[in-house]
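K.L.:
Build me a model:
(chains A and B)
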2 protein chains.
Amino acid sequence: MRFSKTFIKTLREAPKDETAKNGALLTRAGYIHKEMAGVYDYLPFGIRVIENIKAIIRDELNKIGCEEVLLSALQNPELWEKTGRFSDTEVDVWFKTELSAGGVLGLAPTHEEPLTNMLKTYVSSYKDLPLYIYQFQTKFRNELRAKSGILRGREFLMKDLYSFHTSEEDLDKFYNEVEKAYGRIFERLGIGDSTFETFASGGIFSKYSHEFQTFLPVGEDTVYYNKDKSIVLNEEVLNDEVLADLGVSRDELTETTAAEVGNIFKLKYKYSEPLGLKFADEKNEQKNVYMGCYGIGVSRLMGVIAEKFSDEKGLVWPEAIAPFKYHLIGIGAEGTKAAEEFYNKHEEMTLFDDRDLRPGEKFADAELIGIPFRVVISDKTLKDGMAEVTLRKSGETKLVKIEELEEL
Amino acid sequence: MRFSKTFIKTLREAPKDETAKNGALLTRAGYIHKEMAGVYDYLPFGIRVIENIKAIIRDELNKIGCEEVLLSALQNPELWEKTGRFSDTEVDVWFKTELSAGGVLGLAPTHEEPLTNMLKTYVSSYKDLPLYIYQFQTKFRNELRAKSGILRGREFLMKDLYSFHTSEEDLDKFYNEVEKAYGRIFERLGIGDSTFETFASGGIFSKYSHEFQTFLPVGEDTVYYNKDKSIVLNEEVLNDEVLADLGVSRDELTETTAAEVGNIFKLKYKYSEPLGLKFADEKNEQKNVYMGCYGIGVSRLMGVIAEKFSDEKGLVWPEAIAPFKYHLIGIGAEGTKAAEEFYNKHEEMTLFDDRDLRPGEKFADAELIGIPFRVVISDKTLKDGMAEVTLRKSGETKLVKIEELEEL
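P.N.:
Numbers count the residues shown, from 1 in each chain, chains lettered A, B, ... in the order given. Reported below is the predicted structural model:
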């Protein structure tokens, strides 16, 4: 992308009402624009980061046999009344709206009901199971407060996966596979070291669910951990019974804050039973389908990573999700010409700062935008066929042969 | 994709309330699932068609210098009150919802206001213009009736492009470029022959806008055309003044029905003025930004193409947007083994019907699903290293060497 051709400009100041670091930095660097609290637009750089995160998640889910769909945002109350979840006391984040033709609709805060209902068309026998179905879909949640940038949105992008099984054992098996896939996803996203599977409260059918919590000073959750015992638990389950279960005492635990980037949940037949999703087993007996659900907050992840990997100068993207690999700058007539040549060969992975600005301004913007490799080709470096490469992460600068830049 | 691994099954019957051919066929063939009137889910095959349509549109828009963003669905009334469009009499398709924290929000039926407002952050001088910014975003429209399958949705996918200029001349120039790009898009989508640029009513700033209408028996619009004079006009502008303008008489026009797949509109400063989007010209005088807007109904296009290219047996996708290129079937032990080998090499573009069904059932499903090339490898064809290829469009069958299938 040519910087001169995009409408994006970096901003000296974030909007006054943007108190969260992720929101402020991502806005200043031109990734997002705030419409109102908890509601953001994604600009060209921001779309690229979101798509990179989605690609990693999609890749890992497809590897374990998941299929992608796209369910609607508008929801028919009929389905949700069967599970009792259209009630605002049961689910307190509904946005509801009136249909001109009569009746009330909801905006999906999650999608168990419509998917479970849809599968009644496709599942009748044990031979149709198991199924693993996911989507990337905008969720709407009517949060009372939303002051954490894109860490807590009223409208946000989520990956939600649902699994359908003939037995609890099969559900357990797949649940373990998802645990591992999530581990690989967070690893590839660059937050493997700081993201921990965490005990959290279950539902009527499970003692526990699991969250994936990324330790983060501004995280909205409080968790307790013991690294030696590899135990992390959400404060909501910090009680004597759970401590006994996990074989750890309160004294051995350290408190910290964290952001929930994923969660996995054994639903068993919580939704299949009221919605009537059954299958005929080998003996032709009708049984409830066992279910699990597995979420990852895609836009929240972008915010968590922005918070986590940033310094006083700006963002520091992990290479796997950076909007570009190279932030390219040409200096001098020959240097600029060589930069053009490099750009023409590596357009897709390069932000070419071809704006009519002083190098110093470009350098400051490169630090704010946070692309992994700043590549400067000047008349001087070009004499030896070299480019000056600065790693955003470490600040380290080195000379690299232009034809070897690809190997970075 | 292995058919045996997806949850999709073809259905003998469409839901009783699905009266539109596109809705019924797409449902039976496993592309979509109806949640309620005007609200559909997209299943794995359906997502692939939508993504193929998006890729063609994106490619043509990027070629003329457009940039992609993603704006929010939730809308702040403040912006829309400035243009008078939050009023339900002015815009009669709003879905509105209440924010827990207080106040009313809207669900975007279109995005002129938020994008115009956002650009106040990025545009200050003539040097910042022109800009061409688009998105693929779900639109919400509270239609009183929605009985045309995915031709008219209450929730649907649209590509909306907005352009920003320093002068009317520059707007006119880009408008012409979009006209040509739209021509290329509809050509690539396979509906070039039946899609016509059509005069439609303008607004307070333009005598006309232009629609792109695809002639279609079940189209909801009525248009009048004269092929010799290359004139098509929407019935809403069928009056003496317009006929005189276009140099055509009523007698020379033939009436037909059509579906609007795109529209382009010169907005001039209809939105920039009330929202305060100005630029400083060369003399440092503040002027209103000129604007144009350009829509394409992405999910509607899928419906139009499904209606247009289908026969009594099922769908007939144009190759450019078909979910797969090959519908692969193996017959007999050796034939199936060879089919497996072909599938392993061409996984991405192949639907491999590896289900445990009789060939006749697979053939019927192939016709319903409508993938361009049905490829059958049987023990018999394999003896000569051949596959039997049936073109869905013509029904023509021929033997093709397996290693030459790629050249189809």
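
K.L.:
which ones are touching the residue in the stretch 301-408 of chain A that chain B sits nearest to?
P.N.:
Residue nearest to chain B within the stretch 301-408 of chain A: A:Asp356 (9.1 Å; Cβ to the nearest Cβ). Just so you know, the C-beta spots here come from the backbone N, C-alpha and C atoms, and that holds for glycine as well. Residues near A:Asp356 by Cβ atoms under 8 Å, 6 or more residues apart in numbering or on different chains: A:Ser4.

K.L.:
in chain A, what secondary structure element scores lowest on mean pLDDT?
P.N.:
One helix or strand of chain A scores below all others by mean pLDDT, DSSP states H and E: helix A:240-246, with a mean of 93.

K.L.:
so what's the most centrally placed residue in chain A closest to, chain neighbours aside?
P.N.:
Geometric centre of chain A, nearest residue: A:Val298, 2.3 Å, by Cα atoms, centre = their mean. In space, not counting the residues next to it along the chain, A:Val298 is nearest to A:Leu157; the distance is 4.3 Å by Cβ to Cβ, 6 or more residues apart in numbering or on different chains.

K.L.:
on that earlier part again, state the distance from the residue nearest to the centre of chain A to chain B.
P.N.:
12 Å (Cβ to the nearest Cβ, to the nearest Å).

K.L.:
one step back: where does the residue nearest to A:Val298 fall, secondary structure wise?
P.N.:
Using DSSP states H and E, A:Leu157 maps to strand A:155-165.

K.L.:
could you measure the nearest residue to A:Phe3 once chain neighbours are set aside against B:Trp317, distance?
P.N.:
Distances taken as Cβ to Cβ, 6+ apart place A:Asp353 nearest to A:Phe3, at 4.5 Å, with adjacent residues excluded. Taking Cβ to Cβ, to the nearest Å as the measure, A:Asp353 falls 43 Å from B:Trp317.

K.L.:
Format the CA atom coordinates belonging to stretch A:33-52 as CSV.
P.N.:
Written as CSV, here are the backbone C-alpha positions of stretch A:33-52 (Å, rounded to 0.1, in the frame of the first residue of the first chain):
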residue,chain,number,x,y,z
HIS,A,33,-12.2,5.2,14.4
LYS,A,34,-14.5,5.6,17.3
GLU,A,35,-18.2,6.1,16.5
MET,A,36,-19.3,6.0,20.1
ALA,A,37,-18.4,4.2,23.4
GLY,A,38,-17.9,0.5,22.5
VAL,A,39,-18.5,1.0,18.7
TYR,A,40,-15.6,1.4,16.3
ASP,A,41,-15.0,1.5,12.6
TYR,A,42,-12.0,-0.4,11.1
LEU,A,43,-9.8,1.5,8.7
PRO,A,44,-7.6,-0.1,6.0
PHE,A,45,-4.7,-1.0,8.4
GLY,A,46,-7.2,-2.2,11.0
ILE,A,47,-9.0,-4.5,8.5
ARG,A,48,-5.6,-6.1,7.6
VAL,A,49,-4.9,-6.9,11.3
ILE,A,50,-8.4,-8.3,11.8
GLU,A,51,-8.1,-10.4,8.7
ASN,A,52,-4.7,-11.8,9.8
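
K.L.:
in that stretch, what counts as buried?
P.N.:
Buried positions in stretch A:33-52, judged by neighbour count with 16 or more other Cβ atoms under 10 Å in any protein chain shown: A:33-52.

K.L.:
Each with direction, which strands does the lengthiest strand in chain A pair with?
P.N.:
Ranked by residue count under DSSP state E, the longest strand found in chain A is strand A:254-268. Strand pairing for strand A:254-268, using DSSP bridges, gives strand A:208-215 (antiparallel), strand A:221-226 (antiparallel), strand A:290-297 (antiparallel).

K.L.:
quick one, helices of chain A?
P.N.:
A:21-28, A:44-63, A:77-82, A:112-118, A:168-188, A:240-246, A:272-275, A:298-308, A:333-345, A:359-369, A:379-382 (DSSP state H).

K.L.:
Can you give me the domain assignment for chain A?
P.N.:
Structural domains assigned to chain A are A:3-311, A:324-407, following automatic domain parsing.

K.L.:
Could you tell me the end-to-end distance of the longest one?
P.N.:
Terminal residues of domain A:3-311 are spaced 23 Å apart (Cα to Cα, to the nearest Å).

K.L.:
Excluding chain neighbours, give the residue nearest to A:Gly153 in space.
P.N.:
Excluding its sequence neighbours, the residue lying closest to A:Gly153 (Cβ to Cβ, 6+ apart) is A:Gly38, at 4.9 Å.

K.L.:
thinking the one you found is in contact with A:Asn142, fair?
P.N.:
No: at 9.5 Å, A:Gly38 does not count as touching A:Asn142 under the criterion of Cβ atoms under 8 Å.

K.L.:
any common contacting residues for the two?
P.N.:
By Cβ under 8 Å, 6+ apart, the residues touching both A:Gly38 and A:Asn142 are A:Arg154.
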